[in-house]
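Chemist: Can you look at this prediction? I've put the sequence above it.
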Amino acid sequence: MDFQNRVGHKFGTGGPATDQEIASDRRERLRKLALETIDLSKDPYFMRNHLGSYECKLCSTLHTNEGSYLAHTQGKKHQINLARRAHKEKQDATIQPQPNTSAGPRKTVKIGRPGYRVTKERDPDSQQKALLFEIEYPEALENFKPRHRFMSAYEQKVEPPDNKYQYLLLACEPYETIAFKVPNMEIDKSETKFFSSWDKQRKVFTMQVYFKDREVQDLPALPQRAGATNLAFHG
């Protein structure tokens with residue numbers, strides 16, 4: 001890992017960043033990532049009132065801008081209310097008489113996107129660039145383990161195919177599947193470079209991905225598009 005460029009270590013400063021500064025920086029990075037990947041027009045709880053401010057209809061909270069609302073959706077209060085709504089809908093469904101039809105595929109009520117953190121890293125020996133993903137699934141269903149897979153640009157239907165990129169998909173019931181748009185470089189799948197783990201107690205899924213360096217080509221510049229989180233390396 002590149003400890004030199006981690007948050008809290010800055011050239012020319014008198015000391016490391018405080019816990020408050022680190023927390024503030026993390027919230028800002030999560031807000032920017034959310035703005036890139038979330039389509040608010042599809043959020044049933046997002047509403048703009050006649051005063052020009054924004055409301056969360058689920059939690060009855062007011063927000064001055066979209067960034068503030070998105071930060072709220074990643075918070076504990078919103079996630080708890082989503083889980084309660086899903087539980088209530090499930091109870092209501094069991095009370096109503098069920099039609100006499102053949103059993104189809106099991107469907108789970110989705111409760112929104114999980115919170116996540118992405119850290120860019122570099123191996124100090126090989127200089128390989130890497131990404132560390134930490135995905136929070138506090139309401140993950142019992143016996144459900146998060147799953148992942150890589151998808152080519154030609155498999156997805158959200159954006160025009162671009163061979164410079166590929167997508168990392170992460171899924172765990174009852175959350176929506178999230179996608180990260182990463183450079184289309186070969187993944188180093190050696191034991192010390194590629195790993196994933198599921199902490200059942202903390203309900204956090206961790207995954208580390210190292211990329212094999214290209215001989216000549218630089219990493220492509222990433223366009224600012226919504227629909228998937230873009231991740232690139234600089235320096």
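Modeler: Yep, it's here. Owing to the predicted nature of the structure, the values given are computational and were not obtained by experimental measurement. Numbering: from 1, shown residues only.
Chemist: residue ranges for the helices of this structure, please.
Modeler: 19-37, 66-73, 76-95 (DSSP state H).
Chemist: Can you tell me which of those is most buried?
Modeler: Greatest average neighbour count among those goes to helix 66-73 (a mean of 19), per mean count of other CB atoms under 10 Å. All C-beta atoms are positioned from the backbone trio N, CA, C, and that covers glycine.
Chemist: Who are the packing partners of that one?
Modeler: helix 19-37, strand 54-56, strand 61-63 (3 or more CB pairs under 8 Å, 6 or more residues apart in numbering; DSSP states H and E).
Chemist: for the last one, which positions count as buried?
Modeler: This means strand 61-63. Neighbour-count burial for strand 61-63 flags 61, 63 (criterion: 16 or more other CB atoms under 10 Å).
Chemist: That strand pairs with which strands, and in what direction?
Modeler: Note on strand 61-63: by DSSP bridges, its sheet partners are strand 54-56 (antiparallel).
Chemist: And the partner strand, how far out from the chain middle?
Modeler: 22 Å (CA atoms, centre = their mean, to the nearest Å).
Chemist: Give me the mean pLDDT for it.
Modeler: Strand 54-56 shows an average pLDDT of 86 in the prediction.
Chemist: what about the strands in the protein?
Modeler: 46-48, 54-56, 61-63, 115-122, 129-136, 147-152, 165-171, 178-183, 187-188, 195-199, 204-211, 229-230 (DSSP state E).
Chemist: Can you convert these into CSV and add a column each for distance to Ile38?
Modeler: Shown next, in CSV, are the strands of the chain (distance: least, CB to CB, whole Å):
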stretch, distance to Ile38
strand 46-48, 10
strand 54-56, 13
strand 61-63, 14
strand 115-122, 12
strand 129-136, 15
strand 147-152, 19
strand 165-171, 15
strand 178-183, 10
strand 187-188, 26
strand 195-199, 24
strand 204-211, 19
strand 229-230, 10
